[in-house]
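Participant: 3D, please:
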Amino acid sequence: MFAVLSVSTFGAGAAGTGVLYASVSAGATVGALTTGWLRSTRRLGMVVIWAVIVWGSAIAVVGLARSLWVAALPLAVAGAADSVSAVASATGVRFSIVSGGLLCLVGVAGIMAVFPALARYDADRWIAEPATGQA
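Facilitator: Numbering: from 1, shown residues only. You can find the predicted model right below:
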């Protein structure tokens with residue numbers, strides 16, 4: 001995903017791809033280093049829920065970004081949110097894995113309901129007609 005965004009959307013090439021990957025890592029590192037506050041938090045489930053909301057929102061913003069650096073910032077936020085979620089859910093790992101997997105399935109079903117053309121996407125047709133812009 002990052003290579004495609006860097007090359008086709010931002011025109012930044014390999015260096016841009018590196019920036020996008022590094023943004024997630026930098027955010028994750030900062031997020032992990034600042035999780036000390038979780039020790040005094042009783043409702044870790046809510047922390048995980050909010051971290052996932054922040055992560056999903058940040059990824060959606062990346063999809064709307066028109067420049068490399070505008071995309072890099074929400075990727076750093078997503079990385080930080082992922083670290084917070086990982087640390088907060090460490091005690092309930094099994095529940096997190098099961099609920100996360102189920103939520104992923106619900107999300108895919110929702111996307112398919114909203115965008116039924118996605119199931120009909122044909123790469124061969126797209127490659128044969130790139131100049132027309134039709135998929």
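Participant: Quick one: the strands in this protein, in order.
Facilitator: For the chain, strands defined by DSSP state E do not occur.
Participant: Tell me how far the residue most central in space within it lies from residue 124.
Facilitator: Geometric centre of the chain, nearest residue: residue 59, 4.1 Å, by C-alpha atoms, centre = their mean. Here residue 59 is placed at a distance of 29 Å from residue 124 (C-beta to C-beta, to the nearest Å). Where C-beta positions appear, they are placed from N, C-alpha and C, glycine not excepted.
Participant: returning to that earlier point: so how far is residue 65 from the residue nearest to the residue nearest to the centre of the chain when sequence neighbours are not counted?
Facilitator: Distances taken as C-beta to C-beta, 6 or more residues apart in numbering put residue 78 closest to residue 59, at 5.6 Å, once the chain neighbours are dropped. Computed with C-beta to C-beta, the distance linking residue 78 and residue 65 is 12 Å.
Participant: got it, and residue 99?
Facilitator: For residue 99 relative to residue 65 (C-beta to C-beta), the value is 29 Å.
Participant: before we move on, what about residue 33?
Facilitator: 26 Å.
Participant: Mind checking which of these two has more residues around it?
Facilitator: For the pair residue 33 and residue 65, the greater number of neighbours falls to residue 65 (17 against 10), based on other C-beta atoms under 10 Å.
Participant: In this protein, where is pLDDT below threshold?
Facilitator: Counting by pLDDT under 70, the chain shows low-confidence ranges at 91-96, 125-135.
Participant: Tell me the spacing between residue 18 and residue 3.
Facilitator: 10 Å.
Participant: Same check on residue 61?
Facilitator: Counting by C-beta to C-beta, the separation of residue 61 from residue 3 is 19 Å.
Participant: can you check residue 101 too?
Facilitator: 27 Å.
Participant: So between the two, which is more surrounded?
Facilitator: residue 3 (14 against 10).
Participant: which ones are touching the more buried one?
Facilitator: Residue 3 sits next to residue 17 when contact means C-beta atoms under 8 Å, 6 or more residues apart in numbering.
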